[in-house]
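Visitor: Compute the structure for the input listed below.
(2 chains)
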Amino acid sequence: MQGQEAEQSAPVRAAIDIGSNTVHIVVAHCMADNLDILADEVDMTRIGESVNATGEISQQKQDETIAVLCKYKTLAEQHHAVQVLVVATEAIRKAKNKDEFLAAVERETGLHVQLISGDVEAVLTFYGATYELYREAHPPSRVGVMDLGGGSTELIIARDRHMTWRTSIPIGSGWLHDHYLSANPPTHDDLADAQQFLRTYLKRLNLKRMPSVLVSTGGTANSLLLLARKAFRLPEQEYQLTYDDVLRAEGVMSALTAEDVAHRYDQPLGRARILLAGTLIIAAMMEQFHLKSIRVSSHGIREGLLLARARYGEGWLQQVEEISKQTGNQGKSKQQEGEPGEAFEHSGKRILKDRVEKFLEECDKVLHNEGEDIEPVHKLRVASRRLRAALDAYQSCCEPKLFKKVYKRVKDGADKAGAVRDTDVMLQGLHAQLEKGPEDQVAGVHWLIDHLKLYREQQQQALDDFLQSLDGDALQHDVEASITKGAATNG
Amino acid sequence: MAKARVVTGLDCQETTGANARIIAMIRLEEMYRQAKYADHPYDVQGLHNLRIAAKRVRYTLEVFEEALPAACKPIVDELEQLQDELGAVHDSDVMIALLRLCLASQDSGMAYEQALAQVSKQHAKGKLMVPPELVAKLVESSTLPTDEERHALEQLLQRRIQRREEEYAAFQQHWQQLAERDFRRQVLEVLDS
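Guide: All right, here's what the predicted structure looks like:
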């Protein structure tokens, strides 16, 4: 009874999260370690669709989101919420027009939206997904959390209620569906390819061993639980999914169209389309970590936000940021003893250094080429491509700002060399045409060659100007600093 | 074609071989995401994107050559061949676009400005491959081709269109062969070894 009274007297707050697919609200009496949920609603707005297609949040998506937020604000008021907290995540982070969007939301709804980082998102998700588990009489010491989203999967390990490790894998249900399972229903070969990809990919990640208790949150896990309850008559109060349940669900969905899955198991069609892909990821994770079952939680970032606010007060964001820094991102698993091979960071430093040197060497040769030899520009272009390929490969180990600066300089050089080289290729082709082509084309080929030569001169001048202004020492320094600083941050 | 996607989830302290396999797999998936364009002979941009994606797989395998299995070498060769085939198609597409712009721009008085505006717009969006400065150079009114040169340019255009058909056919035949032997799975198996 005392507990119930405490819940009733705890302040009511609302938490809204604006995600890639949905806008979701939870209203609850909030305590530091528990929530008494009064309302829980979700609307599919699919902002991510617009951002993925154009890089921006469309006017239509913005209007829809504002309408949903107005509705949620009213809902929060109906429950006498003393505060409405709103956070936005990946889709908004990626949108080029995020500032305009956030300003419009604030102007139209009076709600301030906090754009949070992936690190903060992970901490809040962890809080939300595990708070019920930690209220049990004997919670496990080590707990894993898997937040399976459309574009990525977050994995977290905690010991004694504190996050100790986390990583983000760029594979989610939507991603896997789009890459492998677009046939409806999927073909046997597509399924085999997707499973092989997942097995190979996860094996190579060398992830930490998960604790035997894994809490799975996100749309896939919850939809899969609903499907299993319906299809296999699991009890309504059952929140565990065994490996066998997952395999059976996979088998059922493999044989049905998305429309059938939606119809038979009361799933929204949009969810039904990607549910099999998400299920394959869950199955692969369970195999990878030798898990017999997973525990599904319908809670996540919103509940975590309410708990964080109750624990840390108005300074919740700073506190959560601090906690996320202590945990850090990326698997910290060090190279296994006895495993041969150079560490990624070391090979990155070595390869990037070699390729920058080669690039600068070729820059020098172009600048000192006074004849009509077209090879130096060709070699410079090849060197610039090889350097860019290495930069692309090691980007995740580099400090983002310095990396961007370096990449832009190399790309500028590559573009200018490319303009000259492309013209050389056209000219070579036309000269070959003159030698062996029919007579009736000769006049046209000459006309074209004359004009292309003039254009080439202009482009060569632009390339020379660029090369003369290029500070090679600074470029070398920035490349080295970028990977050194980045590796120190990323572990 | 957008910049290569950043591959997350890597561990800088992990071996190069382990991370290289992950990057290569992601680049392979990105390539197969563009595979639908292989059967669209006139989707110039789609074929261009497929070429760039294939190039990224090849470059990834080359960057990490020392850390990956030796069996990657024949894969690199196949990718290089694909890249050459699609490169030939692309070069023809550039030349065809250029010749069409030249010829069309001389059909009406305002056409130069129109051609230039159209190319500038497409180029800014990264959609087409003919730089506006090159179009400007070729369609300046003071240097228009004579009737004889114009006729020759028409012939050149027709020949190039034929050649492009042949180049696309060569690419598609190769692509089909790769599909028949399940190249995608072969690459994954090599990366898994």
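Visitor: give me the low-pLDDT residue ranges for chain B?
Guide: The model of chain B has pLDDT under 70 over residues B:1-3, B:105-129, B:140-142.
Visitor: Same check on the stretch 101-250 of chain A?
Guide: Flagging of the stretch 101-250 of chain A using pLDDT under 70 yields the residue ranges A:206-208.
Visitor: can you pull out the helices in it?
Guide: Remark: helices assigned in the stretch 101-250 of chain A by DSSP state H, counting those that start in this stretch are A:118-130, A:173-180, A:188-205, A:219-232, A:243-254.
Visitor: I'd like to know which elements the last one is packed against.
Guide: When you say that, I think you mean helix A:243-254. In terms of contacts (3 or more C-beta pairs under 8 Å, 6 or more residues apart in numbering or on different chains; DSSP states H and E), helix A:243-254 is packed against helix A:219-232, helix A:269-288. All C-beta spots, glycine's among them, are computed from the backbone N, C-alpha and C.
Visitor: Identify whichever of these lies nearest to chain B.
Guide: Nearest of the helices and strands packed on helix A:243-254 to chain B, taken as C-beta to the nearest C-beta: helix A:269-288 at 12.9 Å.
Visitor: who's in contact with A:Phe466?
Guide: By C-beta atoms under 8 Å, 6 or more residues apart in numbering or on different chains, the contact list for A:Phe466 reads A:Asp412, A:Gly413, A:Lys416.
Visitor: Could you check how far it is from A:Val213?
Guide: Distance, A:Phe466 to A:Val213, by C-beta to C-beta, to the nearest Å: 58 Å.
Visitor: same deal with A:Leu317?
Guide: Distance, A:Leu317 to A:Val213, by C-beta to C-beta: 29 Å.
Visitor: Could you do A:Gln318 as well?
Guide: Per C-beta to C-beta, A:Gln318 is found 30 Å from A:Val213.
Visitor: Which secondary structure state does the residue lying closest to B:Thr143 once chain neighbours are set aside sit in?
Guide: Distance criterion C-beta to C-beta, 6 or more residues apart in numbering or on different chains; nearest residue to B:Thr143, sequence neighbours excluded, is A:His451 at 6.8 Å. Following DSSP: H, G, I helix; E, B strand; the rest coil, we place A:His451 in the helix state.
Visitor: Now render the helices and strands packed on helix A:243-254 as TSV, adding distance to chain B.
Guide: Listed next are the helices and strands packed on helix A:243-254 as TSV, based on distance: least, C-beta to the nearest C-beta, whole Å:
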stretch	distance to chain B
helix A:219-232	18
helix A:269-288	13
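Visitor: I'd like those as a markdown table, with mean neighbour count appended.
Guide: Shown next, in a markdown table, are the helices and strands packed on helix A:243-254 (neighbours: other C-beta atoms under 10 Å in any protein chain shown):
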| stretch | mean neighbour count |
| --- | --- |
| helix A:219-232 | 22 |
| helix A:269-288 | 22 |
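Visitor: check contacts around the residue of chain A found nearest chain B.
Guide: Nearest residue of chain A to chain B (C-beta to the nearest C-beta) works out as A:Gly444 at 2.9 Å. For A:Gly444, the contacting residues are B:Pro145, B:Glu149, B:Arg150, B:His151, B:Ala152, B:Leu153, B:Glu154, B:Gln155, B:Leu156, by C-beta under 8 Å, 6+ apart.
Visitor: Quick check: which element contains A:Pro376?
Guide: helix A:375-394 (DSSP states H and E).
Visitor: Show the average pLDDT along that helix.
Guide: The pLDDT scores in helix A:375-394 average 92.
Visitor: what secondary structure does A:Ala32 sit in?
Guide: Recorded secondary structure, A:Ala32: coil (three-state DSSP).
Visitor: And the strands in the stretch 51-200 of chain A?
Guide: For the stretch 51-200 of chain A, the strands defined by DSSP state E, counting those that start in this stretch cover A:83-88, A:113-115, A:142-148, A:153-159, A:162-169.
Visitor: can these go into JSON lines with extra columns for mean neighbour count?
Guide: Output for the strands of the stretch 51-200 of chain A, formatted as JSON lines (neighbours: other C-beta under 10 Å):
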{"stretch": "strand A:83-88", "mean neighbour count": "21"}
{"stretch": "strand A:113-115", "mean neighbour count": "18"}
{"stretch": "strand A:142-148", "mean neighbour count": "25"}
{"stretch": "strand A:153-159", "mean neighbour count": "22"}
{"stretch": "strand A:162-169", "mean neighbour count": "20"}
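Visitor: Name the residues that touch the helix holding A:Pro376?
Guide: With contacts defined as C-beta under 8 Å, 6+ apart, helix A:375-394 is touched by A:344, A:348, A:351-352, A:355-356, A:358-359, A:361-363, A:365-366, A:369, A:398, A:403, A:406-407, A:410-411, A:413-414, A:417-418, A:420-421, A:424, A:460, A:463, A:483, B:3-4, B:20, B:23, B:56, B:59-60, B:62-64.
Visitor: change it to 6 Å
Guide: A:348, A:351-352, A:355, A:358-359, A:362, A:365-366, A:369, A:407, A:410, A:413-414, A:417-418, A:420-421, B:4, B:23, B:59, B:63 (C-beta atoms under 6 Å, 6 or more residues apart in numbering or on different chains).
Visitor: Let's see it as CSV, backbone CA atoms only.
Guide: Extracted C-alpha coordinates of helix A:375-394, given in CSV (Å, rounded to 0.1, in the frame of the first residue of the first chain):
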residue,chain,number,x,y,z
GLU,A,375,50.6,10.2,-67.7
PRO,A,376,51.4,12.3,-64.6
VAL,A,377,47.8,13.5,-64.3
HIS,A,378,46.6,9.9,-64.7
LYS,A,379,48.9,8.7,-62.0
LEU,A,380,47.9,11.6,-59.7
ARG,A,381,44.3,10.6,-60.2
VAL,A,382,45.0,7.0,-59.4
ALA,A,383,47.0,8.1,-56.3
SER,A,384,44.1,10.3,-55.1
ARG,A,385,41.6,7.5,-55.6
ARG,A,386,43.8,5.1,-53.6
LEU,A,387,44.2,7.7,-50.8
ARG,A,388,40.4,8.3,-50.7
ALA,A,389,39.8,4.6,-50.6
ALA,A,390,42.1,4.3,-47.6
LEU,A,391,40.4,7.3,-46.0
ASP,A,392,37.0,5.8,-46.5
ALA,A,393,38.2,2.5,-45.0
TYR,A,394,39.7,4.1,-41.9
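Visitor: roughly how far out does the helix or strand following it sit from the chain middle?
Guide: Sequence-wise, the next helix or strand downstream of helix A:375-394 (DSSP H and E) is helix A:400-436. Distance of helix A:400-436 from its chain centroid, counting by C-alpha atoms, centre = their mean, to the nearest Å, is 32 Å.
Visitor: helices and strands around helix A:400-436, which ones?
Guide: Applying 3 or more C-beta pairs under 6 Å, 6 or more residues apart in numbering or on different chains; DSSP states H and E, one finds that helix A:400-436 contacts helix A:375-394, helix A:442-469, helix A:472-490.
Visitor: Can you give me the buried ones in the first one?
Guide: Just to be clear, that refers to helix A:375-394. Buried residues in helix A:375-394, defined by neighbour count with 16 or more other C-beta atoms under 10 Å in any protein chain shown: A:376-394.
Visitor: do the longest one as well
Guide: Going by neighbour count (16+ other C-beta under 10 Å), the buried part of helix A:442-469 is A:442-445, A:447-448, A:451-452, A:455-456, A:459-460, A:463, A:466-467.
Visitor: Specify the local secondary structure of A:Ala14.
Guide: What three-state DSSP gives for A:Ala14 is strand.
Visitor: what pairs with it across the strands?
Guide: Beta-bridge partners for A:Ala14, by DSSP bridges, are A:Val27, A:Val84.
Visitor: How about the contacts made by it?
Guide: Residues counted as contacts of A:Ala14 (C-beta under 6 Å, 6+ apart) are A:Ile25, A:Val27, A:Ala76, A:Ala81, A:Val84.
Visitor: State the pair within those residues that is farthest apart.
Guide: Pairwise distances across those (C-beta to C-beta) peak at 9.9 Å, for the pair A:Ile25 and A:Ala81.
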